[in-house]
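Asker: quick check, what structure comes out for this input:
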Amino acid sequence: MANPAGSSTPTPLLQAMPDPLAVAPADPTLAALGRKLFFDPRLSEPRGTSCAACHIPAQAFSGDHGSGLGVPLGSKPDSMGVRNTPSLLYLRYTPPRFFYQDDDALQPAPFGGFFADGRANTLAEQAMGPLLNPMEMNNGSARHVAGKLEQAYGAAMRAHFGRRIFAHPEQATAAAGSALEAFLRSEDMSPFSSRYDEHLRGKASLGSAELKGLQLFKNPDKGNCASCHKFNDTSSNPARSLFTDFGYDAIAVPRNGKIPANRMPGHYDKGLCETARTLAWQDPGQWCAYFKTPSLRNVAVRSHYMHNGVFDSLRDVVRFYATRATKPGDWYTPGVKFDDVPEKYRVNVNVNSIPYNRREGSRPALNDEEIDDIVAFLKALTDAPYAAAAAQRK
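Answerer: Have a look, this model is predicted:
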């Protein structure tokens, strides 16, 4: 992999997953300010849409702002995004963008960063992204955001960042990003209070279906889920079980026909390759259709799944993984396998890993009972504040 244009230093390799114990605590004063910003509906244009409108606390900080389509409504009338809203829990453990993990692959692999395409290098950058996105909170410029911040939080921001913080709008906006980052890195946003966590601590036991699901999740010849959604069930520290490798994969989920932009046949969300082009990587097209592997913590609370929100059932997600290769007709437009990937980039789709490597018409890696067991295990990853919401989901 080439270095970004202009870089003279070699691309670093990570020899192991980041150590979750090395994460520094958030500044509580700054986190308190960030919480206020997060829930403030005055920071959108037009006003009325806060960060929490899409990242709904009761839904483990995920959601769709009421669209019901798998992608969120924006603050501007008739505006709508093209990607599912991710949960904001446990983001404090995500490493910065695009180190490369040395896992004996033929070439280094993208690693870390924020958003489904890794375009943000830090959590502060991710936090500020929606404020300036015309399909989300729709502020026209950093100056526009800074004006709102000064009006609502001038005294608090000057006290924390200095009296001249508003002299340069970009600095004021970046300061707000650091406050939002502190909130997202606070202890409340990484509760580790699921039944699985209590199981690790030796304070509770998983049920029989959940234990079967755990074994299938780990089994490299069955679910093989842990190859990307990494965890460590030999450690009593739940922070070592984040259920992601922070990497990227091209799994070719079906096209979500409910997204307005997808009514245009030529419109595709190409994922990581757009970031690769921005960073001037060599051959960015090889990363088209790659999206970041999310954490599975609180996955049962989600209203929609995958980067485009195409599924509204957790069981359908697991069934898709198990049968994408063996029964593609269940998932894709007739005659168009991998229908949400441009034809020229379908060669990028992962067809080698288990369970994607089976022949069409053959027996899938998981049967219906095993799918149900994996779903039962995934539900055990729900933190205590969201258990009631998860129980109501399909």
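Asker: could you list the low-pLDDT ranges of the stretch 1-150 of the chain?
Answerer: 1-18, 99-107 (pLDDT under 70).
Asker: quick one, helices of the protein?
Answerer: Using DSSP state H, the helices of the chain run over 28-38, 51-54, 123-132, 142-161, 169-184, 195-200, 208-218, 272-278, 314-323, 368-379, 387-391.
Asker: residues contacting the second one, please?
Answerer: In other words, helix 51-54. The contact list for helix 51-54, computed with CB atoms under 8 Å, 6 or more residues apart in numbering, reads 37-39, 41, 61, 63-65, 72, 85, 127, 130, 136-137, 180. To be clear about C-beta, it is placed using only N, CA and C from the backbone, and glycine gets the same treatment.
Asker: compute the distance from the centre of it to the centre of its chain.
Answerer: Remark: helix 51-54 is offset 15 Å from the chain centroid, using CA atoms, centre = their mean, to the nearest Å.
Asker: for the third one, same thing?
Answerer: Distance of helix 123-132 from the chain centroid (CA atoms, centre = their mean) equals 14 Å.
Asker: can you give the contact residues for that helix?
Answerer: 34, 43-44, 51, 54, 91-92, 94, 114-115, 119-120, 136-137, 139, 141-142, 145, 173-174, 176-178, 180-181, 184-185.
Asker: try 6 Å this time
Answerer: By CB atoms under 6 Å, 6 or more residues apart in numbering, the residues outside helix 123-132 that reach it are L91, F114, A120, E136, M137, N139, V145, G177, S178, L180, E181, L184.
Asker: what is the nearest of these to R201?
Answerer: L91 (22.7 Å; CB to CB).
Asker: surely the closest one is in contact with A182?
Answerer: No: using CB atoms under 6 Å, L91 is not in contact with A182, being 11.9 Å away.
Asker: please identify which of the two sits among more neighbours.
Answerer: Higher neighbour count among L91 and A182: A182, with 24 against 19, using other CB atoms under 10 Å.
Asker: quick one: residues contacting that one.
Answerer: Residues near A182 by CB under 6 Å, 6+ apart: A26, D27, L30, A31, G34.
Asker: so can I have a markdown table of the residues you listed showing neighbour count and distance to D368?
Answerer: Formatted as a markdown table, the contacts of A182 follow (neighbours: other CB atoms under 10 Å; distance: CB to CB, whole Å):
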| residue | neighbour count | distance to D368 |
| --- | --- | --- |
| A26 | 20 | 44 |
| D27 | 17 | 49 |
| L30 | 20 | 49 |
| A31 | 21 | 45 |
| G34 | 26 | 44 |
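Asker: redo those as a markdown table? Include distance to G202.
Answerer: Shown next, in a markdown table, are these (distance: CB to CB, whole Å):
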| residue | distance to G202 |
| --- | --- |
| A26 | 29 |
| D27 | 33 |
| L30 | 35 |
| A31 | 31 |
| G34 | 34 |
